[in-house]
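# here is my input, please return the structure:
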Amino acid sequence: MFNRGFSANTASDILDQSPPVYETESYRVSTGSSISVPRPANAEEGDLLIAFVYSNYASSVLTVPSGWTQIMYESGVAYSISGCIGVYYRYVSSDEDASYTFSTSTSRIRGMITRISSCNSIIPFDSYSVIGSKNAGSSIPTPDLSSSVENGLHIICVIHDGTAYISYSAPSGWTKEVGTSGPEPTMVATKTLTESGDVNAGNSGVSTSASYHIVAIIVNPV
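Residues are numbered from 1 along each chain as shown. From the prediction side, this is the model:
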């Protein structure tokens, strides 16, 4: 598990600020080697875009458009599951592209781009992590994080490691922002943190026992 956080001193200037706001998202899936994911609706200059890009093969090399910065990458090898996930971000510019093309060195790729407003433009993330879960049953664990700020936006993204039709439920007390349908589903859920310290979202529910990648991110307030 990879977990990186900023120290309280580094983030001290963003304590007690208004929390980030989850706005909109866009999603595409392809059995080929590339996808073009539209810019989320109503994107405004300065908004934060977070892209969750997944390929069904652990050996895949993911390629992203210019201007995107990698947050993390995780292969399923360590968890004895197929697939890999890359997470990337960028801020919306005044002349933002209408869509973004992501590709894989293998095949079967999907991408979810979420749009967040009212977030910090210098230090976008407080901490983040990703884990894999093989044959998770009906309940999927979420990576543990530690938040050094109040009013951060905790985001989780759950991606099924395969092609089954699966439905998701968010952890108790969370808002399920999106749960895509079809044979390669993805869920994003959010919760605003009211205090700093150790954070665990609890478990997400799934309709079918399978394998998953689970990403957790805390977005800093302005």
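# mind listing the strands the host helix or strand of Leu49 pairs with, and their directions?
Secondary structure assignment for Leu49, by DSSP states H and E: strand 48-55. According to DSSP bridges, the neighbouring strands of strand 48-55, each with its direction, are strand 84-91 (antiparallel), strand 109-117 (antiparallel).
# pLDDT on the shortest one, on average?
This means strand 84-91. In this model, strand 84-91 has an average pLDDT of 96.
# that one: what's the following helix or strand?
From strand 84-91, the next helix or strand downstream (DSSP H and E) is strand 99-104.
# so which of the strands paired with strand 48-55 is nearest Pro124?
strand 84-91 (6.2 Å; C-beta to C-beta). In this view, the C-beta of every residue, glycine as well, is placed from N, C-alpha and C.
# identify the bridge partners of Ile218.
In this entry, Ile218 is beta-bridged to Ser127, His154, by DSSP bridges.
# that one contacts Asn151, correct?
No: judged on C-beta atoms under 8 Å, Ile218 makes no contact with Asn151 at a distance of 10.3 Å.
# mind checking which of those two has more residues around it?
With other C-beta atoms under 10 Å as the criterion, Ile218 and Asn151 differ in neighbour count, and Ile218 comes out ahead with 24 against 21.
# do you know the pLDDT at that one?
We have a pLDDT of 96 for Ile218.
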